[in-house]
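Engineer: below are the sequence and a predicted model; questions follow.
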Amino acid sequence: MTLRFIGTTSEHGNCPTLYEVVETGDLVVQGDEIDDEHRAQLRDLGVAETAVVIPRDLLTRFAPKE
């Protein structure tokens, strides 16, 4: 899998950051992982899955519009 950097709202090199999977066009988001209390509210979270907080600004500025 090859990732292409799309953009970030971070000013100091930390997350959140948005990437595109070159081969498929899917998106990968780098962000702060949510805590256990909030993980418990998620539905059907798989063993290999996690959830991260995505600032709305990251998506509105950089996510593909199509």
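Structural biologist: Alright, I've got the coordinates.

Engineer: only C-alpha atoms from now on, for both contacts and neighbour counts.
Structural biologist: Noted.

Engineer: show me where the protein has its helices.
Structural biologist: 36-39, 56-62 (DSSP state H).

Engineer: could you list the low-pLDDT ranges of the chain?
Structural biologist: For the chain, applying pLDDT under 70 flags the ranges 66.

Engineer: centre-most residue in it?
Structural biologist: For the chain, the residue nearest the mean C-alpha position is residue 29 (1.8 Å; CA atoms, centre = their mean).

Engineer: now that one: how far from residue 37?
Structural biologist: For residue 29, the distance to residue 37 equals 21 Å [CA to CA, to the nearest Å].

Engineer: about what we covered before: switch the helices of the chain over to JSON lines; also include distance to residue 1 and mean neighbour count.
Structural biologist: Formatted as JSON lines, the helices of the chain follow (distance: least, CA to CA, whole Å; neighbours: other CA atoms under 10 Å):
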{"stretch": "helix 36-39", "distance to residue 1": "27", "mean neighbour count": "10"}
{"stretch": "helix 56-62", "distance to residue 1": "20", "mean neighbour count": "13"}
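
Engineer: nice, that's everything, thank you.
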